[in-house]
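Peer 1: For reference, the sequence and a predicted model appear below.
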Amino acid sequence: MAKYSKGAGKKVKRAMHEMHEGKLESGRSGKKVKSRKQAIAIGLSEARKEGSKVPKKGGAKKTGAKKGGAKKSGAKKGTAKKGGSKRGGAKKGAKKGGRKSSSRSRSRSKR
């Protein structure tokens, strides 16, 4: 079963042709499109507006989910470190801190 309709393919082909001629412009800014990927995206966007069979956009949603997950996990790690130092492991924490700084300096010297 085909992912894209013939109409969508025609729109992309037209957008690519215009890009190569230097006539394709982006929507809001009106700047000339130089990127192949951007030309394809414009063609698919036009096909969606027309009602052609084109899969939904999913790239932006996926990357946003990754960023949100990273923020949450970072907050959890920060609370765990604070809790460990409150329990009386201050000396151990100081040693670990020393190790981290020395490993950072090593990695910088390798570069």
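Peer 2: Received it, and whenever you're ready, just let me know what you need.

Peer 1: mind checking pLDDT for residue 44?
Peer 2: Looking at residue 44, its pLDDT reads 92.

Peer 1: if I look at it, how far off is residue 57?
Peer 2: 8 Å (Cβ to Cβ, to the nearest Å). To be clear about C-beta, it is placed using only N, CA and C from the backbone, and glycine gets the same treatment.

Peer 1: Have a look at the two and say which one is more surrounded.
Peer 2: The neighbour count for residue 44 versus residue 57, taken as other Cβ atoms under 10 Å, is higher for residue 44 (20 against 11).

Peer 1: hang on, that one in a helix?
Peer 2: Yes: counting by DSSP: H, G, I helix; E, B strand; the rest coil, residue 44 falls inside a helix.

Peer 1: Not counting its neighbours along the chain, what's nearest it?
Peer 2: In this structure, residue 44 finds its nearest non-sequential neighbour in residue 54, 5.5 Å apart by Cβ to Cβ, 6 or more residues apart in numbering.
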